[in-house]
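1. Provide a 3D model corresponding to the input given below.
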Amino acid sequence: MKAGKNDEYCVRGGEIHKSALAFSLALLFAVMALVPGCGGDSIAALLERSDDSIQEFEKAITQADHCLHALLGFNFENASFLDEALSAVRSGMDSLQPAGHAVDVLSSTDYRGKLAHLGELVSGFVVDARSALEELSLVYHDLESILMAIEPLLLKEAVITQMEVPQDQAEWRGRLLDLRQALETTLQALAALTVGPAMTDYHSYFTDVSVALKKVVDQIISRLPLVDLEADIGISADFSRILEMLDSYPMVVERLKESISIFSLDPVISEIEVEINDLYMESNSSR
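-> Predicted coordinates for the structure are as follows:
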């Protein structure tokens, strides 16, 4: 089965702007005198610590984006999809702990005096960031479970696709029976999963595709040896439905991204970064 063409996945907006801002901050770090701040720390040190923490948290967002991009590689003919998607999921999982530590650092930093407004921004961010990381951890867990559940189907489809055209009805029947077994195993594994709200749509997608594909396979098997696979494959409305679902897959991934709250934190992160930059400029100009 061929999946619909995957539209190019949009990367996070503002990356060039943020890279330029990070570079500018680095230069200011290098030239700014250490002005005494709260609790014995200099303002420069507090700002640097905050900026480093924000950048560490952003790595988790970037990894989540890379993971969703990897999901767009799904194609029944793409044998490497599963390995690439699982690798992206596990890289995303690895980014959660340092991101959580970064949030802890932000939460424990004493923002007073000139840093009061930055403290207000950080305070609101910390609450949402912790919640977003907890949600993202569950998303990764559920996603890994779904990918492992559909592994039998993906592996069997990849093997069958790469084989030469069967020479007779007996060979067709053997391949179809193998595919039906893989579908039954996949459907059982998917049915056994309980996923969080963000992953419900993605989970349902593969359940629906597998159910529709199994119906087509069952219909073809029931018509053997009379079925003409090339002429009669379109007899099933379920086959047309499969093609429609495969074409809609990029939209399923896009909806998944929209449902993950960590991606909604970009605006407040930008506010924090701008505030840090303004504080650097103010402190540097007052020397």
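2. just checking, Phe74 is part of a strand?
-> No: counting by DSSP: H, G, I helix; E, B strand; the rest coil, one finds Phe74 to be coil, located in no strand.
3. Name the nearest residue to it, sequence neighbours excluded.
-> Phe81 (5.4 Å; CB to CB, 6 or more residues apart in numbering). For the C-beta atoms, the positions are set from N, CA and C on the backbone; glycine is no exception.
4. got it, and His117?
-> Nearest to His117 is Glu275, by CB to CB, 6+ apart, at 6.4 Å.
5. same question for the helix or strand containing the one you found, mean pLDDT?
-> Using DSSP states H and E, Glu275 falls within helix 266-285. Mean pLDDT, helix 266-285: 90.
6. So which residue is dead centre in the chain?
-> For the chain, Leu68 is the residue whose C-alpha lies nearest the centre (CA atoms, centre = their mean; 3.1 Å).
7. In contact with the nearest residue to that one once chain neighbours are set aside: list those residues for me.
-> What sits nearest to Leu68 in space, not counting adjacent residues and going by CB to CB, 6+ apart, is Lys257, at 5.3 Å. Lys257 sits next to Asp65, Leu68, Phe263 when contact means CB atoms under 8 Å, 6 or more residues apart in numbering.
8. Make sure the last one is actually in contact with Thr62.
-> Okay, so that is Phe263. No: contact criterion CB atoms under 8 Å: Phe263 and Thr62 do not qualify, at 10.8 Å.
9. quick one: Lys215 from Arg175, how far?
-> 17 Å (CB to CB, to the nearest Å).
10. can you check Lys257 too?
-> 36 Å.
11. Likewise for Val127?
-> Val127 is 54 Å from Arg175, by CB to CB.
12. who has more neighbours, these two?
-> Arg175 (15 against 11; other CB atoms under 10 Å).
13. tell me which residues of stretch 136-156 are tucked away?
-> 136-137, 139-140, 142-147, 149-154, 156 (16 or more other CB atoms under 10 Å).
14. So for it, mean pLDDT?
-> The pLDDT scores in stretch 136-156 average 96.
15. Cheers, nothing more for now.
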